[in-house]
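**Q** Here is my input; please provide its structure:
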Amino acid sequence: MSDQMERIKSTVKDLSSSRKEIEAELRAEEADQELQRIVDRYAGRVKLKGFRQGKAPKEMVKQMFGPDIHQSLFDSLVPKVLDEVLTTHAIRPVGVPVVNDLSYEEGRPLRLKAVVEVWPDFPLPAYTKIRVAKKDIAVSDRDIDQTLEELREKSAEYVPVEGRGVVIEDYVVIDLQGKDRKTKRLMPAEKVVVLAGHEGNEKIINDELLGMSIREEKRFTYAYPADHKNKKLAGKDIEYLIRVVSIKEKQVPGLNDEFAKHLGEYDSLTDLKGKIKSELQAARERAAKSEQTEEVLKAILEKVEIELPPSLVEEETQSILKRILSSAPQQNPAKETVDALRVSAGRQAEQNLKRHLVLKKIAEAEGLKVGEEEVDSEIQALAKANNIPPARVMESFNQEGRRESLKNSLLLKKTVDFLAGQAIIDS
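**A** Numbers count the residues shown, from 1 in each chain. This is a model prediction of the structure:
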């Protein structure tokens, strides 16, 4: 082993680009000194038959509490030894080193072997002048007309009607009660709002409801198939009684100047169309830029081989899986489903980490930095967007240690913007 300092000798061996093996040896004098300190502590606390507290022979204390004393010794010295070795060799660990060989006998050095994961080093490929295809961002009259129709649908009103029966797309309030023809048991009475003709309704409801008038009642029977999705109704003959309470029809506003004025600060339909066109254009430009940026990053990442620290991959995988499961509609998915999601989350975790490492390295290569004033500006923007006093948001970021995380996010964004600006857009 090569001397790194008088107290500790160590060597570091590369197991891979993301794993290093440390062998370290703490001189016997210092290990023995710590051993005596721990023995003295035990001796001062234990009560042994025939001896006053604190007067038990140390050799007897060592014999009786040997394993506990050695564990206390390791707990005290191993972290200090590892910290000094990592500092001396300028190793920035990912997570906690794993000690897999540890030995000590009084009068001899404390020896250990440990494996530590590190951020891998890797060569960057060419990352500027990446060629990407130009995206079509033109806005057609058809696009504008489609947006206008969507706005008209959102502005639709449902107006009560009299003097006619139910037609498709009416909103109908009905009183509904069913009875099991076999058991004669009545089902709970319900007041239900139905969109007439909607494909989500039972076909029998759509068929019987059409043409009914307000206050009209009707009885009909429906035999549910054995494989019906509603298990409570599957295989049963149900006699229904429905009564129409109210009918409302959808009225869509006309496409004219009055409609435009109703939506906001528009003098005419022409003004509204112009605003729609400019907003669609801006949205497509943003989408095109985002798509081109992703193509640039993909082209760079495909040229990079990185051995990722397994513990980081697992940590990121668990984080992604937790987010997926928390948003899943099914509360207790089957094991097969979870296993498949875990595999998918693992792939996503590797991509996330690879992207992060490449962007960080490009930022270092280009000397890109984020100043404190940029962080403050972003916090101000977040406060404004969420209608929260800036001072409160600033305090939250500072107290919870989120400021550095935000700074890193801004640096990655700046790096992505740099790469996008360096790309060559093919016509």
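**Q** Dump stretch 148-159 to PDB, keeping only the CA atoms.
**A** Taking C-alpha atoms only, stretch 148-159 is exported to PDB below (Å, rounded to 0.1, in the frame of the first residue of the first chain):
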ATOM      1  CA  LEU A 148     -63.900  28.300 -33.300                       C
ATOM      2  CA  GLU A 149     -66.100  25.200 -33.200                       C
ATOM      3  CA  GLU A 150     -64.500  24.200 -30.000                       C
ATOM      4  CA  LEU A 151     -65.200  27.600 -28.500                       C
ATOM      5  CA  ARG A 152     -68.800  27.500 -29.700                       C
ATOM      6  CA  GLU A 153     -69.200  24.100 -28.000                       C
ATOM      7  CA  LYS A 154     -67.800  25.400 -24.700                       C
ATOM      8  CA  SER A 155     -70.200  28.400 -24.900                       C
ATOM      9  CA  ALA A 156     -73.200  26.200 -25.500                       C
ATOM     10  CA  GLU A 157     -76.200  26.600 -23.200                       C
ATOM     11  CA  TYR A 158     -78.800  24.100 -22.200                       C
ATOM     12  CA  VAL A 159     -82.300  25.600 -22.400                       C
END
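**Q** mind listing what the strand ranked longest in the chain pairs with, with the direction of each?
**A** Identified as the longest strand of the chain according to DSSP state E is strand 237-251. Applying DSSP bridges to the sheet, strand 237-251 is found paired with strand 157-160 (antiparallel), strand 171-180 (antiparallel), strand 217-223 (antiparallel).
**Q** What is the burial count for Arg219?
**A** Neighbourhood size, Arg219 [other Cβ atoms under 10 Å]: 10. All C-beta atoms are positioned from the backbone trio N, CA, C, and that covers glycine.
**Q** contacting residues for it?
**A** Residues near Arg219 by Cβ atoms under 8 Å, 6 or more residues apart in numbering: Glu239, Tyr240, Leu241.
**Q** thought Gly178 was touching Ala189?
**A** No: counting by Cβ atoms under 8 Å, Ala189 is not a contact partner of Gly178; they are 9.1 Å apart.
**Q** Please say which of the two ends up with more neighbours.
**A** Comparing Gly178 with Ala189 by other Cβ under 10 Å, the one with more neighbours is Gly178, at 20 against 10.
**Q** what residues are up against that one?
**A** Contacts of Gly178 (Cβ under 8 Å, 6+ apart): Leu186, Met187, Ile238, Glu239, Tyr240, Leu241.
**Q** let's see it at 10 Å
**A** Shown in contact with Gly178 (Cβ atoms under 10 Å, 6 or more residues apart in numbering): 185-190, 221-222, 233, 236, 238-242.
**Q** For it, give its distance to Arg152.
**A** Here Gly178 is placed at a distance of 38 Å from Arg152 (Cβ to Cβ, to the nearest Å).
**Q** And for Leu357?
**A** Separation of Leu357 from Arg152 (Cβ to Cβ): 49 Å.
**Q** More neighbours: the two, which one.
**A** The neighbour count for Leu357 versus Arg152, taken as other Cβ under 10 Å, is higher for Leu357 (19 against 15).
**Q** helices and strands around the strand or helix carrying Glu350, which ones?
**A** Using DSSP states H and E, Glu350 maps to helix 335-366. Helix 335-366 sits against helix 269-301, helix 310-327, helix 402-422, with contacts defined as 3 or more Cβ pairs under 10 Å, 6 or more residues apart in numbering; DSSP states H and E.
**Q** Out of those, which gets nearest to Asn352?
**A** In terms of Cβ to Cβ, the element of the helices and strands packed on helix 335-366 nearest to Asn352 is helix 310-327, at 5.9 Å.
**Q** mind exporting the longest strand of the chain as CSV, just the C-alpha atoms?
**A** Output of strand 237-251 as CSV, limited to C-alpha atoms (Å, rounded to 0.1, in the frame of the first residue of the first chain):
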residue,chain,number,x,y,z
ASP,A,237,-84.4,-9.5,-15.6
ILE,A,238,-85.1,-5.9,-14.4
GLU,A,239,-88.3,-4.1,-14.9
TYR,A,240,-87.8,-0.3,-15.0
LEU,A,241,-90.1,2.6,-14.3
ILE,A,242,-88.9,5.9,-15.7
ARG,A,243,-90.5,9.3,-15.5
VAL,A,244,-89.2,12.3,-17.4
VAL,A,245,-88.7,15.3,-15.0
SER,A,246,-87.2,17.9,-17.4
ILE,A,247,-85.7,18.2,-20.9
LYS,A,248,-83.0,20.7,-21.9
GLU,A,249,-81.6,21.2,-25.4
LYS,A,250,-78.2,22.4,-26.4
GLN,A,251,-78.0,25.7,-28.1
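**Q** Buried ones in it, by neighbour count?
**A** Residues of strand 237-251 classed as buried by neighbour count (16 or more other Cβ atoms under 10 Å): Ile238, Glu239, Tyr240, Ile242, Arg243, Val244, Ile247, Glu249.
**Q** Show the average pLDDT along that strand.
**A** Throughout strand 237-251, pLDDT has a mean value of 94.
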